[in-house]
Every structure is written in structure tokens, then in C-alpha cells.
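Novice: Requesting a structural model of the entry that follows:
(chains A and B)
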Amino acid sequence: MEDTRTGAQDAQDTWTVAGRTFTSRLIVGTGKYKDYATNAAAAEAAGAEIVTVAIRRVNLSDPSQPMLVDHVKPDRFTFLPNTAGCFTGEDAVRTLRLAREAGGWNLVKLEVLSNTKHLLPDMEETLRALKLLIADGFEVMVYCSDDPVYAQKLEEAGAAAIMPLGAPIGSGRGIQNMLNLALIIEQAKVPVLVDAGVGTASDAAVAMELGCDAVLMNTAIAEARDPILMASAMRHAVIAGRQAYLAGRMPKRMYADPSSPLSGLI
Amino acid sequence: MKLTINGEVQVFAPLPHLAALVAHLGLDSRKVAIERNLEIVPRSAYEQTPVADGDQIEIVHFIGGG
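Specialist: You can find the predicted model right below:
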């Protein structure tokens, strides 16, 4: 019998995406940190096994600038390259081909955004980009709106994971549409990750209690006053939410139900 | 020769291949990916890939992102 109180059960409770199996259900971004050292420490405190990364031009005027890979090391974390800043399918394919050459693997995060004000996904273009990437041999985890209909289309097109937003990127508003997320989780046969919108630990717990496979976040940790402490809080929240989901919550009732027996009263 | 690297025109003395350009720029080839004229050059091919006047080169790497 596993002792679930110590977290020993965690080693058994894994999830798998595109044939790769992970124990941690918290994926963290690597943007917005004051420096890469804090970033690396936060990723460790989060217990993350996967980190998202972006692809950008090298700064040629100062090649001695610190580089992400020197702090957040690819042999310690699985890098999940993203397509942040891409607004068309072609941009996304070009970016991820470069990422594949830089990193040597094909598991990627697709995000095709619509405009810079709300950063909501352009789902029509996202679906088109997904098909282009799959044809090019990529395994694609797809950032998407919390629309069960489009989530189904992504899955049918071959997405390796569906990653609906909880709220707009960097907004920290928490889970805005639990009903839609529950519908997406119920219908999906590939992993579902809540990506974006988490602001604090309880948001991550709510996402996991809905039954999603993992949570992806960046700003909630990076912009906390103490990012490393918040990373630890998120780690515990994700574990707590997952265990609560597995444990099966009690039914909600309209009225009170006493915890102490009413019989035998003096 | 003139090369456009990451959108900026730069002038170089002739270079034998892409590996020489990477070294000249002070970059670690293990940490970058390169496009030459919109085609990705595999890292293993840098020494066999010429650089010619007018080439458009993109050199990218991983940075922090969400």
C-alpha cells in the first residue's frame, strides 16, 4: 500500500504526451524573470520537468550576453519551444523548424494569436498551422480558446495535447469558464492542459480539480513578489488539485449535514 | 562581401563557409540555429555551406518565453 500522505503516490501518477511520460503536472514558462538564475531556481522549486521557451534572433552586438541554455539547461528540463509572436501558420512553421534545429526534437507548443491587446488565439489560423506542422513531422501541443468545438477539431487534426486558456495570457484572472473546460476535458482522448490565466495557487488547484492533465503557467510565478516561493506554492497546488480530483470530492448539498451524530446526546 | 544577418547589413572579408561566420561573430554553434536564404542549415553542414555576397542569414537561439 502506497503512503499517499508523503507524496509517494506521485511517482505512480504519471501523464504521457506524444509518447513521453512525465511525473510533474506543472509546466512553467521562462519569460519575464528578472534574470535566468531566478528563472532556473523557480523551475526547480516548481518541480517542473518541462519548460516553455521562445525562439528569437541572437543579439549580434553582444554575443557574451547570458543565454537561457546556460541556466535552464536542456539536459535537466524538456524544452517546449513555442510560437509566441507568430500570427500566421507559415510564421509558426518557420519558427518551429528553427527550434527543431536548435534543440533537436519535435515536441512543440503552437500558439497563433489574433491581436496584441487580448492575445486570444486565432483558432482558424491555429488549426491551419497545426495541419502544416503535423505534415512536417512535429508533435504539437496546441494553445487554444476554451471552445469545446474547436478543441475537438484540433484533436481530430492530430494535436498531441489540447491546451485551452483559463484566461488571457498574463492576465492572472484565474479560470473563467469551468464549464467549457470540463466539457473539453470530458471529450478529449489526448492530454488537456490549462495554459494561461492562472494568477495564484488556488487557480491552479481549480484547474487540476476539473481533471485536466497538467497546468502551464508563466506570469503567475515570474511576476510574484517572490517567484521561487510562488513556484513552490504552485507545485503544491497542482499536486493538491490532482489528488482532490483523484480522491473524488463530496457531493454539494443545499443544507447542512452534521458531522457529529445527533443520537446519544445527553 | 555584404551579408544581411538578422535584418542588418554587415560587410565582411570573404569567408570560406558558414562555420567561419559563426566563429567570426563569436557565437557557440551548439546554441544557435541558422537559416540561409530562408533554408535551415543543419549544424552538421556549417563547414560545407558557403556564404556568398547578398546572403540573407538568420541566427536564432532559445530565450525565455511562456
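
Novice: What are the boundaries of the strands in the chain?
Specialist: The chain I'm using is chain A. Secondary structure of chain A, counting by DSSP state E: strands at A:15-17, A:20-22, A:26-28, A:50-57, A:78-81, A:107-110, A:139-144, A:161-164, A:193-195, A:214-217.

Novice: meant chain B actually
Specialist: For chain B, the strands defined by DSSP E occupy B:2-5, B:8-11, B:33-36, B:39-41, B:56-64.

Novice: residues touching A:Pro148, list them.
Specialist: A:Pro148 sits next to A:180, A:183-184, A:187 when contact means Cβ atoms under 8 Å, 6 or more residues apart in numbering or on different chains. C-beta: built from backbone N, CA, C; applies to glycine.

Novice: Name the residues of chain B found near chain A, please.
Specialist: Within chain B, the residues that sit near chain A (Cβ under 8 Å from any Cβ of the partner chain) are B:5-8, B:25-27, B:31-35, B:38, B:40, B:42-43, B:58-66.

Novice: Quick check on those: which are buried?
Specialist: Buried members of those, scored by 16 or more other Cβ atoms under 10 Å in any protein chain shown, are B:5, B:25, B:27, B:32-35, B:40, B:43, B:58-66.

Novice: Which pLDDT value belongs to the residue nearest the centre of chain A?
Specialist: By Cα atoms, centre = their mean, chain A has its centre lying nearest to A:Leu216, at 1.9 Å. Note for A:Leu216: predicted pLDDT of 98.

Novice: OK, contacts around it?
Specialist: A:27-29, A:52, A:163, A:193-196.

Novice: how about 10 Å then?
Specialist: The neighbours of A:Leu216, taking Cβ atoms under 10 Å, 6 or more residues apart in numbering or on different chains as the test, are A:25-29, A:48, A:50-52, A:80, A:82, A:109, A:141, A:143, A:161, A:163, A:165-166, A:193-196, A:198, A:207, B:66.

Novice: Which residue does the stretch 1-150 of chain A have closest to chain B?
Specialist: Using Cβ to the nearest Cβ, A:Ala54 is the residue of the stretch 1-150 of chain A that sits closest to chain B, at 2.7 Å.

Novice: how near is that residue to A:Ala102?
Specialist: To A:Ala102, A:Ala54 is 11 Å away according to Cβ to Cβ, to the nearest Å.

Novice: same check, this time on B:Arg43
Specialist: 9 Å.

Novice: same check, this time on A:Asp35
Specialist: A:Asp35 is 21 Å from A:Ala102, where distance means Cβ to Cβ.

Novice: higher neighbour count, those two?
Specialist: A:Ala102 (24 against 11; other Cβ atoms under 10 Å in any protein chain shown).

Novice: isn't that one right next to B:Val60, touching?
Specialist: Yes. Counting by Cβ atoms under 10 Å, A:Ala102 does reach B:Val60; the two are 6.8 Å apart.

Novice: Which neighbours do the two have in common?
Specialist: Common contacts of A:Ala102 and B:Val60 (Cβ under 10 Å, 6+ apart): A:55, B:32-34.

Novice: export the residues you listed to JSON lines and tack on pLDDT and distance to A:Pro148?
Specialist: Shown next, in JSON lines, are the shared contacts of A:Ala102 and B:Val60 (pLDDT from 0 to 100; distance: Cβ to Cβ, whole Å):
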{"residue": "A:Ile55", "pLDDT": "95", "distance to A:Pro148": "31"}
{"residue": "B:Val32", "pLDDT": "93", "distance to A:Pro148": "40"}
{"residue": "B:Ala33", "pLDDT": "96", "distance to A:Pro148": "36"}
{"residue": "B:Ile34", "pLDDT": "96", "distance to A:Pro148": "41"}
